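S.K.: here is my input, please return the structure:
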Amino acid sequence: MDMLFFMQDAGTPPAGGAQGQPGGLITMLPMFAMMFIVMYFLVMRPQSKQRKERELMISNLKKNDHIQTSAGIYGIVKQVKPEDPYIILCIDERKDVCIRVSKASITALEKASGAPDSEPKVETTEKKS
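M.R.: You can find the predicted model right below:
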């Protein structure tokens, strides 16, 4: 008799949601939308802004600009052609050592040509007697 009682209870679903609630997915959609909006403003938007700034910097490179590459090489731009994917970079002016570098490897513009030096010379105002 106990076995018959056990078999009858096995066919009924347990209370508490073994079956999905129909409103569960609809209530989750606003949460997923908010997560996407937060990801957009925290990750994607700043990244695209940095990419645009970098592309603008590379497109505005001129001769005698001081730059840094992703490999850590500092140099002075000697030749830039807009249609070429590379530039000629002089890394030692005294010995005239120049290398060809990909424009994609440029990470920073240290000093634009025609810009004042970053370290101004300090003049002393003391009078010597």
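
S.K.: SS state for the most centrally placed residue in the chain?
M.R.: By C-alpha atoms, centre = their mean, the mean C-alpha position of the chain lies nearest to residue 47, the distance being 4.5 Å. The three-state assignment at residue 47 reads helix, by DSSP: H, G, I helix; E, B strand; the rest coil.

S.K.: count of residues packed around residue 58?
M.R.: 15 (other C-beta atoms under 10 Å). Yep, even glycine has a C-beta here, placed from its N, CA and C like the rest.

S.K.: isn't residue 77 up against residue 91?
M.R.: No - here residue 77 does not reach residue 91: they are 11.1 Å apart, not a contact under C-beta atoms under 8 Å.

S.K.: picking that back up, and the gap between the residue nearest to the centre of the chain and residue 55?
M.R.: Noted for residue 47: a distance of 13 Å to residue 55, by C-beta to C-beta, to the nearest Å.

S.K.: please apply the same query to residue 82.
M.R.: 13 Å.

S.K.: which of the two has more residues huddled nearby?
M.R.: Between residue 82 and residue 55, counted using other C-beta under 10 Å, the more crowded position is residue 55 (11 against 7).

S.K.: done for today, thanks.
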